[in-house]
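Undergrad: with the input below, show me the fold.
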Amino acid sequence: MRLLLILVTLLAGVYFYLHIDKLFSVVGVILLLVLQVLLLVRYCRRIDHELSNFFDSLSSDDFQSANLNSKYIQRHSNLGKSLEKYRRHLAKIKKESQIREVLLMRFLENVDTGIILFDDKDRIYWLNSTALRILGINRFDAILDLWKTYPDLSEVFSKIKPGERKIYRLNTGSDIRTLTLRKSEFKTEDKKLTLFAFDHISSEYSEIEQESWEKLIRVITHEIMNTLTPITALIQSIKKELRGHETDRKWFIESTDRSLNLIEERSRGLLEFVKKYRQVTLTPRINRRRINVAELLHNTCLLLENKEVAITIDTKPIDLILFVDKELFSQVIVNVVKNSVEALDGKENGEVRIDAYLGDDQKVRIRICDNGPGIDQELLDRVFVPFFTTKKSGSGIGLGYSRKIVRLHGGTMELQSTPGKGTVCTITL
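TA: Predicted structure coming up:
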């Protein structure tokens, strides 16, 4: 409306100048035009002032002061409605954000993981009380204060790559605590932030470690006793026979030779057990290279062809790639598929299916399924224990060693089984 009045005034000024030769008329029109322009400028400034106050209040999260009751804004009904809708939307988002922030802070305060967030200038942005409790420190304001308290921790932390996990023994002065250390790095617009997370695992793992040692000692004791008991019996038998046949040299030589052969056989068995134990405990060197999963699976399964068991392979996409040690990973596939084939011994329509695909998390998954008799839940929890086997001719090191290889590659190996329906082994890398 104001612009329309200015336009009408301009047209009137032109009309008076062309048709009515009176100076005061032209001057009056000019004065009226100046007045209208000044009023328009004043009006625009008032709207600008109201909008500035509105957005300043929103930027300060003061949604109560960000009102639109001014008559200047109310005259523009569509603008007022849009701005009010925007204000309510921001207020709702802010409220939800505050609730999420409170919940997140309370969650992070109650987790058993120590968390420290600091910037590239070593200033602490945030840390939880768990971190202080695990580290045995009341408080610190900069990460340098922590490094001064534990210089060794600083050196270990500097060598950790993002996403990597390290085990560290922390000497607090009163006790030694075993920690797992992790590091993450990310950038904002103007700074680089580092997240330092660590867990105290000594208490949680002490019972597991004790149980593992007990299982290992039982296995080793069992194998040694199985070897030494008959050897001792043979030696006692030789001594007894010697006393009764001191003059029969020929019989003595034959009996001794037979007994020594038995001792040699049992000793070889014990040596074989020690070799297998070394295989489980030694950490092989990983030589990663780029391999095609479909080609690896087909070549590996050629070694396990069985007329009574059908082995099918499905890889999606067909050019699926892994960076693994080809020889070690082939051994993993051989061990798992061989177990499935042996489980199907004597079963009609036995089938082993291998599916390789890329998951939603961009990790490669290899599922090896069979329709065999399955494994009872009680035994399923023990199949990865070294030297445990349900087969008469099995060594009990295949699956445990395979999972160790998968873990060395940074992956996981899980086993699921339903008695009477089959077993599924999932390898994720």
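Undergrad: now do the helices in the stretch 101-250 of the chain.
TA: Counting by DSSP state H, counting those that start in this stretch, the stretch 101-250 of the chain has these helices, from start to end: 129-135, 143-149, 151-159, 202-244, 249-281.
Undergrad: any idea which of those helices has the lowest pLDDT on average?
TA: When the helices of the stretch 101-250 of the chain are ranked by mean pLDDT, helix 202-244 comes last with a mean of 62.
Undergrad: count of neighbours near Ala294?
TA: 19 (other CB atoms under 10 Å). Bear in mind the C-beta positions are built from the backbone N, C-alpha and C, glycine included.
Undergrad: the nearest residue to it once chain neighbours are set aside bridge partners, please.
TA: Nearest residue to Ala294, sequence neighbours excluded (CB to CB, 6 or more residues apart in numbering): Thr315, at 3.9 Å. As for beta bridges, Thr315 partners with Ala356 under DSSP bridges.
Undergrad: pretty sure Thr315 sits against Leu296.
TA: No: counting by CB atoms under 8 Å, Thr315 stays clear of Leu296, with 9.5 Å between them.
Undergrad: pull up the overlap in contacts between the two.
TA: By CB atoms under 8 Å, 6 or more residues apart in numbering, Thr315 and Leu296 have no common neighbours.
Undergrad: what about the residue nearest to Ala294, distance to Asp355?
TA: Distance of Thr315 to Asp355, computed by CB to CB, to the nearest Å: 8 Å.
Undergrad: do the same with Lys338
TA: Separation of Lys338 from Asp355 (CB to CB): 18 Å.
Undergrad: equivalent analysis for Ile291, please.
TA: Relative to Asp355, and taking CB to CB, Ile291 is found at 17 Å.
Undergrad: what do you get for Leu38?
TA: 79 Å.
Undergrad: which one of the two has more residues nearby?
TA: Asp355 (17 against 10).
Undergrad: beta partners of the residue lying closest to that one once chain neighbours are set aside?
TA: In space, and not counting its chain neighbours, Asp355 is closest to Arg367: 4.6 Å by CB to CB, 6+ apart. Applying DSSP bridges to Arg367 gives these bridge partners: Asp355, Thr426.
Undergrad: surely Arg367 and Ile354 touch.
TA: Yes: counting by CB under 8 Å, Arg367 touches Ile354, with 7.2 Å between them.
Undergrad: neighbour-wise, which of the two wins?
TA: Ile354 (24 against 17).
Undergrad: next one: that one from Leu104, what distance?
TA: Relative to Leu104, and taking CB to CB, Ile354 is found at 42 Å.
Undergrad: quick check: pLDDT value at the residue sitting nearest the centre point of the chain.
TA: Closest residue to the average C-alpha location of the chain: Gly163 at 8.2 Å, with CA atoms, centre = their mean. At Gly163, the model reports a pLDDT of 78.
Undergrad: bridging residues for the closest residue to it other than its chain neighbours?
TA: In this structure, Gly163 finds its nearest non-sequential neighbour in Ser184, 7.2 Å apart by CB to CB, 6+ apart. With DSSP bridges as the criterion, Ser184 is bridged to Leu195.
Undergrad: for Ser184, give me its contacts.
TA: Ser184 neighbours (CB under 8 Å, 6+ apart): Pro162, Gly163, Thr194, Leu195, Ala197.
Undergrad: now swap in Leu108 and tell me
TA: Ile115, Asn128.
Undergrad: where's it relative to Asn128, distance?
TA: For Leu108 relative to Asn128 (CB to CB), the value is 5 Å.
Undergrad: so where's the stretch 251-400 of the chain uncertain?
TA: 251-253, 255-256, 259-260, 262-283, 306-307, 378, 380-382, 384-398 (pLDDT under 70).
Undergrad: 80 - rerun?
TA: 251-285, 300-308, 346, 376-400 (pLDDT under 80).
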